[in-house]
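Trainee: got a structure for you, letters missing:
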């Protein structure tokens with residue numbers, strides 16, 4: 001059973017790969033073909049789905065554990081959830097646009113550095129302390145909770161839904 005850090009690491013690696021592909025493929029403004037634009041839209045939709053599931057699972061299980069187990073957990077969780085809320089707003093807009101819309105490229109350009117910054121925040125500011133605070137069994141249990149929550153999590157961002165674990169369990 002993977003622990004919480006392995007689950008997060010896999011999610012982060014997948015998102016980083018998607019960001020790189022979006023960054024390296026031409027958009028509408030660079031004269032991309034219809035096929036390339038279609039592929040960018042499909043990848044963006046996959047990014048929206050995976051990010052939505054990841055963030056909802058984190059709000060249900062990861063951030064409550066950070067709050068409970070780290071002395072500065074409230075501050076770390078609040079900062080991360082603020083970053084995630086901004087990302088949800090952008091992802092909700094991206095989800096509604098076609099890749100041929102100039103705003104699509106602009107929003108992807110905003111999202112990429114913000115997503116990388118958020119991943120770095122989790123990996124460098126949150127995970128080291130949590131790794132020290134959790135036993136191996138607790139880390140595996142939390143990893144399993146995240147994995148299960150992602151399976152049943154929302155597939156679209158809900159930017160106006162409060163970051164409340166009980167509310168998130170009911171979001172489509």
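Mentor: Cool, got the structure. Quantities reported herein were computed from a predicted structural model and do not represent experimental measurements.
Trainee: Now for residue 91: which residues touch it?
Mentor: Under the criterion of CB atoms under 8 Å, 6 or more residues apart in numbering, the neighbours of residue 91 are 47-48, 51-52, 111, 157. C-beta: built from backbone N, CA, C; applies to glycine.
Trainee: Now with 10 Å, please.
Mentor: 44, 47-49, 51-52, 55, 84, 107, 111, 115, 156-157, 159 (CB atoms under 10 Å, 6 or more residues apart in numbering).
Trainee: Low-confidence stretches in the protein?
Mentor: 158-172 (pLDDT under 70).
Trainee: Just give the nearest non-adjacent residue to the one residue sitting closest to the centre of it, would you?
Mentor: Ranked by distance to the mean C-alpha position of the chain (CA atoms, centre = their mean), the top residue is residue 51 at 3.5 Å. Distances taken as CB to CB, 6 or more residues apart in numbering place residue 91 nearest to residue 51, at 5.9 Å, with adjacent residues excluded.
Trainee: What segments of the chain are strands?
Mentor: Taking DSSP state E as the criterion, the chain carries no strands.
Trainee: What's the local residue count around residue 142?
Mentor: Look at residue 142: counted by other CB atoms under 10 Å, it has 22 neighbours.
Trainee: I meant residue 34, not that one.
Mentor: 9.
Trainee: Quick check: nearest residue in space to it, chain neighbours excluded?
Mentor: Residue 34's closest residue in space is residue 100 (CB to CB, 6+ apart), at 8.0 Å.
Trainee: Return the residues in contact with the one you found.
Mentor: The neighbours of residue 100, taking CB under 10 Å, 6+ apart as the test, are 27-28, 32, 34, 37-38, 40-41.
Trainee: Identify those among those that sit within helices.
Mentor: Using DSSP state H, the subset of these located in helices is 34, 37-38, 40-41.
Trainee: quick check, nearest of those residues to residue 131?
Mentor: residue 40 (35.8 Å; CB to CB).
Trainee: wouldn't residue 139 be in contact with residue 130 here?
Mentor: Yes - the pair residue 139 / residue 130 is scored as a contact, 8.2 Å apart, by CB atoms under 10 Å.
Trainee: Neighbour-wise, which one of the ones in helices among the contacts of residue 100 leads?
Mentor: Within the ones in helices among the contacts of residue 100, most neighbours by other CB under 10 Å means residue 40, with 23 neighbours.
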